[in-house]
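**Q** Next input, structure requested:
(3 chains)
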Amino acid sequence: MNGRDAQVAPPLTVADPSAAAQRDLPDPARPTGALEAARLALLRDLQLAFRKRSQLVQPLAFFAMVTLLFPLAISPELSRLRELAPGVIWVGALLGSLLALEFLFRDDAHDGTLEQYALSGQSLMALMFAKTLAHWLLTGLPLALMSPVVALSLGVSAAALPGILLAVAVGSAALSLIGSIGAALTLGIKRSGALLSLLTLPLSLPVLIFGARATQLAIHGTSFLASLELLAALAVLGVTLAPLAAAAAVRISLE
Amino acid sequence: MRAFFDMGGYAAFVWPAYAVTLAVVFLNIFWARRALARSRQEARRRLQMQGEAS
Amino acid sequence: MDWTWFHKLASPPHVYALAVRLTPWFAWPAALCIAAGLWGGLVLAPPDYQQGDGFRILYVHAPSAWMSLMVYVTMASAAAVGLIWRMKVAHAVAASCAPIGASFTFAALVTGALWGQPMWGTYWEWDPRLTSELVLLFLYLGYMGLRAGIEDPQRADRASAVLAVVGVVNVPIIHYSVTWWNSLHQAPSVMRLAKPEMPPAMLVPLLLMLLGFTLFFVALLLTRLRGEVLSRERAASWIREVIRT
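**A** Presented below is the predicted three-dimensional model:
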C-alpha cells in the first residue's frame, strides 16, 4: 500500500547470502555499523518520499499561502511589510515545518518499521537522527530555499536574501530536531496535530527569536553573525540531545 | 477601615488579585480532595470486581 | 549511610501511609504562615513610597510565580527519577504536581497583569518574566495534554516524564532567549522588586507567604499522591486496608 513495499527494506543484516548477493544488500559476514544503518534509513525515507512527490509540495504551498495572508490582513505597503518580514517568514516556516512533523514517524509506526528499527540492535539514536535529517531535507531545506522568494514578495532587498536563506536553513534544522521529540512522544495518539503543536512550539521559541533577529539584521544590512551563531548553537544542541530524547520516546511508545 | 478597603486607590487591582490567588488556593484543595475520593472509589470498585471474579 | 528510608520510598503502601501521616504537619503550618503573611502584607506593612498600597499585590504574585517554577522543577525531578529508576511512585509524584503548577502559573499571570495595569498602564507587557511565565503555562498544558492523550497509564507516565525532562532543560534556554529578545527592543520599565532595600516589615510577610505556599504545595502534593498511588496499584492486599479506613 502506498508504494511502501518490500523493496525498500529496513537496514537489518540478512540471513541468506545468495539472496543478499542478488539484491545487492549488505554482506551478512560484515555486520552493519551505525553509520551505515543511518545512511540506509536516510536513503529509504528519501526514496519513499519521492514516490509521493505531490506531498512534498504541500509545506511549500502552505508557506506561500501564509505569506499571502499578511499583506491581505494588514496592508499592501511594502515599507510596512518589510518591517514584518522577519516575523512572517519565521512564523510561516515554523508552521510549515510543524505540518510535516506529524508524518515523520507515522507511516513507519503504522507498518511496523519503527519496531524493526528499535529491535534491530542498531543505535536507535542514529536512526532517529537519520529520519530527522530526511525530514529536514524534505521540508526544512525546501522552505529555506523558498524563503528568499517570500522575502522578496514582502519588499526585502536582494542583498539580504542569502542571509535569510542561511538563517532559515539552520533554524529549520533545529526545528526538525526539536519537532522529532514531540512527534515521537505523540505516536499513535489519534488526531495529535494540536497536541504536537502545543508540545513543540514552546521548545521552538528560542529558534524563532534568534532566527527572526538574524533575518531582521540581514534585512537592515548589518552583520547577523552573532544571531546566526546562536541559531547554529541551538541546532548543534538539538543534534546532540534530540535524537536521544526521540529514541527514548519511541521505545516508550512501542512498549 | 474604609482606607483599608480602598488600598490607596488601587482597590480595583489589589482585591481581584488576592481573590484570584485565594480562589486558586481553595480550588486546589477542592480538586486534590476530589481526586483522592475518586481514586478511592475506583479502587473500591476494582476490588469488588476482583472479589467477584475470584 | 543507611539508605533503607530511600528504598522504602519506592514502596507504594509505605508512601501512602507516610502521606496520610505527614499531610496535617504541612497543611496546618501552611495555613498559619499564609494567614500571618496576609495579615502582615495587607495590614502591617507600610505602603511603598512609589507604588503606594498597590505594591501589596506582591504578596500574592511572588508566591504564585515561585510556586509555578518550584513545582515544575519538582515535577521534572520526579519524572527523571521515575525514568531512571523506574519508580512508579516517582511518576505518581510528577502527575500530582502538574495541575497544581499550572493553576499557580495562571494565578501568577493574572496577578501580574493586575499589577501591571496600575504600574505600567497596561494589563499585559511582553517583559521577559511574564512572557516566560506564559511559556511555562504552555509547558504545563502540553504535559497534561500528553498524559491525557495516552491511554496506557505506564506509557503515559514514561512519555510525559521524557517531556518534563526535555522541558526543564529548555526553561533556562527559553528564559535566556526571551530576556535577550526583550532587551533588544528596549521595552519600558521592567518590574522591579527592590528586594535588598525592603524594610523588614515588608520583607517578613513576603517570606511568610513564600514559606506558607511551599508548605501548602507539599500538603497538596501528598493528598494528590495518595490518589495517584492508588490508581497505579493492582495488588489488592494493602489497598483493602486503606479503603476500609
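
**Q** drop to CA atoms for contacts and neighbour counts, all remaining ones
**A** Will do.

**Q** Spell out the residue ranges of the helices in chain C.
**A** All helices of chain C, identified by DSSP state H, fall at C:4-8, C:12-39, C:58-85, C:88-120, C:128-149, C:153-184, C:200-231, C:236-244.

**Q** tell me the mean pLDDT over stretch A:195-206?
**A** Averaged across stretch A:195-206, pLDDT comes to 94.

**Q** would TSV of the helices of chain C with mean pLDDT, mean neighbour count and distance to A:L201 be doable?
**A** Formatted as TSV, the helices of chain C follow (pLDDT from 0 to 100; neighbours: other Cα atoms under 10 Å in any protein chain shown; distance: least, Cα to Cα, whole Å):
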stretch	mean pLDDT	mean neighbour count	distance to A:L201
helix C:4-8	79	9	37
helix C:12-39	94	17	36
helix C:58-85	95	22	18
helix C:88-120	92	24	17
helix C:128-149	92	21	9
helix C:153-184	88	19	11
helix C:200-231	94	22	28
helix C:236-244	77	13	41
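
**Q** Rebuild the ones you listed as CSV, extending it with distance to chain A.
**A** Listed next are those as CSV, based on distance: least, Cα to the nearest Cα, whole Å:
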stretch, distance to chain A
helix C:4-8, 25
helix C:12-39, 23
helix C:58-85, 10
helix C:88-120, 14
helix C:128-149, 5
helix C:153-184, 6
helix C:200-231, 20
helix C:236-244, 25
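
**Q** Can I get those helices in CSV including distance to B:I29?
**A** As requested, those are arranged in CSV below (distance: least, Cα to Cα, whole Å):
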stretch, distance to B:I29
helix C:4-8, 28
helix C:12-39, 10
helix C:58-85, 15
helix C:88-120, 10
helix C:128-149, 19
helix C:153-184, 24
helix C:200-231, 7
helix C:236-244, 21
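
**Q** Figure out which of those is closest to A:L165.
**A** Nearest of those to A:L165, taken as Cα to Cα: helix C:153-184 at 21.4 Å.

**Q** quick one: the host helix or strand of A:P148 to chain centroid distance?
**A** In the assignment (DSSP states H and E), A:P148 maps to helix A:141-153. Distance of helix A:141-153 from the chain centroid (Cα atoms, centre = their mean, to the nearest Å) equals 16 Å.

**Q** Would you mind listing the buried residues in the next helix or strand after that helix?
**A** Later in the chain than helix A:141-153, the nearest helix or strand by DSSP H and E is helix A:161-185. Of all the residues in helix A:161-185, those buried under the rule 16 or more other Cα atoms under 10 Å in any protein chain shown are A:161, A:163-185.

**Q** Who are the packing partners of the helix holding A:P148?
**A** Counting contacts by 3 or more Cα pairs under 8 Å, 6 or more residues apart in numbering or on different chains; DSSP states H and E, helix A:141-153 packs against helix A:53-73, helix A:78-101, helix A:161-185.

**Q** helices and strands around the shortest one, which ones?
**A** By that I understand helix A:53-73. Helix A:53-73 packs on helix A:34-51, helix A:78-101, helix A:141-153, going by 3+ Cα pairs under 8 Å, 6+ apart.

**Q** Can you add mean pLDDT, mean neighbour count and distance to C:T105 and give the ones you listed back as TSV?
**A** Below are those laid out as TSV (pLDDT from 0 to 100; neighbours: other Cα under 10 Å; distance: least, Cα to Cα, whole Å):
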stretch	mean pLDDT	mean neighbour count	distance to C:T105
helix A:34-51	90	18	41
helix A:78-101	91	21	26
helix A:141-153	94	21	36
